[in-house]
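>>> any chance you can model this:
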Amino acid sequence: MPITSRLFTKVIHLLFLICSIALTTGCAILDTRNSFDHTAVFQSYQNFGWCGIQASPDTVNTNYSPLLDQMVKAAVATELVRDGLRPADVGETPDLMIAYDIALDPPQQPINEAAYAPGFGYGYSYWYGYRYDYGFTNLPDFQRISDYALGTLVIDLIDPDTNEVVWRGWAVSVIDPLDIKEGTISRVVASIMAQYPPPTSTQRLLR
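Down below sits the predicted model:
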């Protein structure tokens, strides 16, 4: 699908999503934002996979919910497939690796931040998602996960060839892991991913 058609489809989908939220929940429009590597060629990405868990064995994941994990992953996969990407086959190297985090309250006991990759919070028990060891060299206005408001869902797309984040999208302070609703997860993820793919350099110049 040409990127212009994909962008048009995403705009229509986002408008439908906004109307659905307003009509069915009465909630305010979600505060969703994104940042991306302006040198990345997003139309070259054809498939995707999920980053593996990288957590210290000394941490205790008291907030992890397999159900919420499945909901987030299923919702992200749905949106990427809608964008024309496909899940990578077994044994196939993905063009994009996906990671996510949900900002939660900190634990009572302090955690040794030095044990984790720079810029990625305090570890498995501090934030809902997994700690991934990837870079952010070309991501404008990069923030540590620990700098986001509590309840913020952050989705990262990583180029495995460079191990760098090429796109990050997030919804500010909307997720409560103790009150899991599949419809809410789907709407939040869809609203975040409606910003992907970003416009090409030519399209940005024409704005």
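>>> so what's residue 30 closest to, chain neighbours aside?
residue 191 (4.8 Å; CB to CB, 6 or more residues apart in numbering). C-beta coordinates here come from the backbone N, C-alpha and C atoms, glycine included.
>>> so which strand or helix has the one you found?
Using DSSP states H and E, residue 191 sits in helix 182-193.
>>> same check, this time on residue 168
strand 164-171.
>>> buried ones in the helix holding residue 191?
Under the neighbour-count criterion of 16 or more other CB atoms under 10 Å, helix 182-193 has 184-193 buried.
>>> helix/strand/coil for residue 97?
Look at residue 97: counting by DSSP: H, G, I helix; E, B strand; the rest coil, its state is strand.
>>> report how many residues lie close to it.
Per other CB atoms under 10 Å, the neighbour tally for residue 97 reads 21.
>>> what's opposite it in the beta bridge?
Counting by DSSP bridges, residue 97 is bridged to residue 49, residue 158.
>>> wait, doesn't it sit right on residue 52?
No - using CB atoms under 8 Å, residue 97 and residue 52 do not qualify as a contacting pair, with a distance of 9.0 Å.
>>> how much space separates residue 83 from residue 146?
Between residue 83 and residue 146 the computed distance is 29 Å (CB to CB, to the nearest Å).
>>> what of residue 98?
From residue 98 to residue 146 the distance is 21 Å (CB to CB).
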